[in-house]
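Undergrad: model this:
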Amino acid sequence: MISLRKTATELDRLEELQQTLAKCYGLAIKSSAEYAVELDARSTEYFRQRLQSLDVQCSQASAPEHYNAVQASLRGELRNYRDQAREQMTRMRKDLQNAAVAMKVFAESVSTSGDDCELQLRREVERLEALAASDDIEQIRGGIESATGTILRSCSQLRRSHQLVVTQLQDEIRTLHQTMDNERSRMDRDHVSGAWSRQKLNERIEHMLRQNEPFCVLFVSARNLRRLERQHSPTVITDALRALVQQFDGILGGEAMIGRWSEDVFSAILEMDPSSAMALSAETNRKLSMSYPVWTSGVAQMLTIETSTGIVDRRRDSDASKFYRKLEQMAAALAGPAV
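TA: Here you go, the predicted structure:
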């Protein structure tokens, strides 16, 4: 009887210990999210959302494999965030180093040139004032020549200093333009998949038509996308579509403009021979019809996207209106019925 009571007490103690450990593990996940170093607001918020999902999954765990899954996912999230932070820190350090070197050179040049020029000009002015009281023509002529040379050198030095200021300003302007271009690029892209917008695709096609060069448009339809959207959250769909676009870009060697033609149809503009494009279409369909890793409640799972492809080629001197008509027909045929 005493042995049974002792065993029951020990089981109660172990259960209490297990509950405490589970609670502390959940609090550790929350702390990791709460005290994450904020280098970029968007990536930090995304990281915290992932950890919140893991915290929910941990609170619902009831078997060792559940905790093992949480641990594996947590390790992956921490590693990814560390890599992002390391990349951002490296970029920041490089920017700071470049800025520090440029400012040091700039400050030293301006300070030195300014002080030197002022000192030299004062000396030459004093020399000219002294020469004004002299009656020696040769001495006056030599002094004027010497002063003239010194003044010209000082002017040249000041000009170089001013050019450095202009260069610094031009560099700042280029940086601002680059920031504006990056922001404009984000506006021209589909915020879900990361591909270019339909408007940018149309602009590129119009440009190619004006050049009167042969090219092709490769279409890729995600045939089961609408069904997947009913089964999964928007976050999961975003991850899958971004993976699809990245895979598509990798197949094309990063040399084609890829955009989202419609809800479930993507397209790439290829500057290549139509015969080669047909083979590429078949290869693309084979490589894109695959399962992509996505996250659900902090755990990675595979989501299968079923694809089909089609090619529309445009030959030199062909009718533009007929080409546009073929584009719309191909896109409509690949889109198919809403399922």
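Undergrad: CA only for contacts and neighbour counts going forward, please
TA: Will do.
Undergrad: what about the nearest residue to D264 once chain neighbours are set aside, how many residues nearby?
TA: Residue nearest to D264 in three dimensions, not counting chain neighbours: A222, with 5.3 Å by Cα to Cα, 6 or more residues apart in numbering. The burial count assigned to A222 is 22, neighbours taken as other Cα atoms under 10 Å.
Undergrad: need the phi and psi values for A222.
TA: A222 adopts backbone torsions of phi -90, psi 90, taken as degrees, to the nearest 10.
Undergrad: partner residues bridging it?
TA: The partner list for A222 in beta bridges (DSSP bridges) reads T307.
Undergrad: ok, now which ones touch it?
TA: Listed by Cα atoms under 8 Å, 6 or more residues apart in numbering, the contact set of A222 reads D264, V265, I305, E306, T307, S308, A335.
Undergrad: what's the farthest-apart pair in these?
TA: Spatially, the most separated pair among the contacts of A222 is I305 and A335, at 13.9 Å (Cα to Cα).
Undergrad: any shared contact partners between those two?
TA: A222, R223.
Undergrad: can you lay out the contacts of A222 as JSON lines showing pLDDT?
TA: Output for the contacts of A222, formatted as JSON lines (pLDDT from 0 to 100):
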{"residue": "D264", "pLDDT": "90"}
{"residue": "V265", "pLDDT": "93"}
{"residue": "I305", "pLDDT": "89"}
{"residue": "E306", "pLDDT": "90"}
{"residue": "T307", "pLDDT": "90"}
{"residue": "S308", "pLDDT": "91"}
{"residue": "A335", "pLDDT": "78"}
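Undergrad: and the residues you listed, which of them are buried?
TA: Neighbour-count burial (16 or more other Cα atoms under 10 Å) applied to these gives D264, V265, I305, E306, T307, S308, A335.
Undergrad: which one among the residues you listed gets closest to L241?
TA: I305 (8.9 Å).
Undergrad: pretty sure D317 contacts N212?
TA: Yes - in this structure, D317 is within contact of N212 by Cα atoms under 8 Å, at 6.3 Å.
Undergrad: so the two - more neighbours on which side?
TA: N212 (15 against 10).
Undergrad: against A268, how distant is the more buried one?
TA: For N212, the distance to A268 equals 18 Å [Cα to Cα, to the nearest Å].
Undergrad: for this structure, what helix or strand is lowest in average pLDDT?
TA: For the chain, counting by mean pLDDT, DSSP states H and E, helix 137-187 ranks last in confidence among helices and strands (a mean of 62).
Undergrad: give me the low-pLDDT residue ranges for the stretch 1-150 of the chain?
TA: For the stretch 1-150 of the chain, the stretches with pLDDT under 70 are 1-8, 12, 39, 92-93, 95-122, 124-150.
Undergrad: tell me where it has helices.
TA: Counting by DSSP state H, counting those that start in this stretch, the stretch 1-150 of the chain has helices at residues 2-34, 41-59, 64-132, 137-187.
Undergrad: could you list the low-pLDDT ranges of the stretch 201-339 of the chain?
TA: Low-confidence segments of the stretch 201-339 of the chain (pLDDT under 70): 295-300, 336-339.
Undergrad: from what I can see L241 touches D190, true?
TA: No - L241 is beyond contact range of D190, at 10.7 Å (criterion: Cα under 8 Å).
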